[in-house]
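A.B. asks: Fold the stuff below for me.
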Amino acid sequence: MRKIKNKKGISEIIVTVIMIGLVLALGIVVWTVVSNLVKGKLQSTESCFGNFGKLNLNSQYTCYNNSASPKEFVFSISRGDIDVDKVIVSISSQSVIKSYTLPAVNYTNVKMFGALLYNSSLVLPDKNGGVTYVTKDFSSPPDSIKIAPVINGQQCDPSDTLNTIENC
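C.D. replies: Residues are numbered from 1 along each chain as shown. Sure, this is the predicted structure:
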């Protein structure tokens, strides 16, 4: 057997320091990636937070006019102190599901209440105000209507739903 003289190697202390450094570096990389993902998700939902109940359907002015020719569905939206880009209105009946985005131009079968012609510009209610709309897209009474605000480009969950539609 030969003895090796001048045996050189990495000491255990240096190996331990290198391992701790690698673990810390890996932890920092993982933390950065995860925190950026979480921040992105929080910012996208933050717009909708605290706005529930500030955009409502006015059930007193939402009804189906069976006696009109053509038959009309009237719905009213009330807006509180909330900044919205748009409002998405979804109406469903047994045979038809329609969605409208407000404000809008040129929905051929929707108009503002009191307007003479369909196919006119539709506006959002002002802050702390309301607007009533009329559509002739439904030949039978709708089953439900729901509205969802779009805030800072983010579509929020529905803020109000009516599942019972009365006759006018």
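A.B. asks: what ranges do the strands span in this protein?
C.D. replies: 55-57, 63-65, 72-79, 86-92, 97-102, 110-112, 129-135, 144-151, 154-155, 160-162, 166-167 (DSSP state E).
A.B. asks: partner strands of the second one, parallel or antiparallel?
C.D. replies: Looking back up the chat, that one is strand 63-65. Here strand 63-65 has these sheet partners by DSSP bridges: strand 72-79 (antiparallel), strand 166-167 (parallel).
A.B. asks: Contacts for it, please.
C.D. replies: Here strand 63-65 makes contact (C-beta atoms under 8 Å, 6 or more residues apart in numbering) with Lys71, Glu72, Phe73, Val74, Phe138, Pro141, Pro142, Ile165, Glu166, Asn167, Cys168. Backbone N, C-alpha and C define where each C-beta goes, glycine included.
A.B. asks: Compile the strands of the chain into CSV and extend it with columns for mean pLDDT and distance to Val30.
C.D. replies: Listed next are those as CSV, based on pLDDT from 0 to 100; distance: least, C-beta to C-beta, whole Å:
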stretch, mean pLDDT, distance to Val30
strand 55-57, 93, 40
strand 63-65, 93, 56
strand 72-79, 94, 44
strand 86-92, 94, 38
strand 97-102, 92, 40
strand 110-112, 92, 51
strand 129-135, 94, 49
strand 144-151, 94, 32
strand 154-155, 86, 27
strand 160-162, 93, 41
strand 166-167, 90, 56
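A.B. asks: Kindly reformat those strands as TSV containing mean neighbour count.
C.D. replies: Shown next, in TSV, are those (neighbours: other C-beta atoms under 10 Å):
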stretch	mean neighbour count
strand 55-57	20
strand 63-65	18
strand 72-79	21
strand 86-92	18
strand 97-102	16
strand 110-112	19
strand 129-135	17
strand 144-151	20
strand 154-155	14
strand 160-162	17
strand 166-167	10
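A.B. asks: Out of these, which is closest to Val17?
C.D. replies: strand 154-155 (46.9 Å; C-beta to C-beta).
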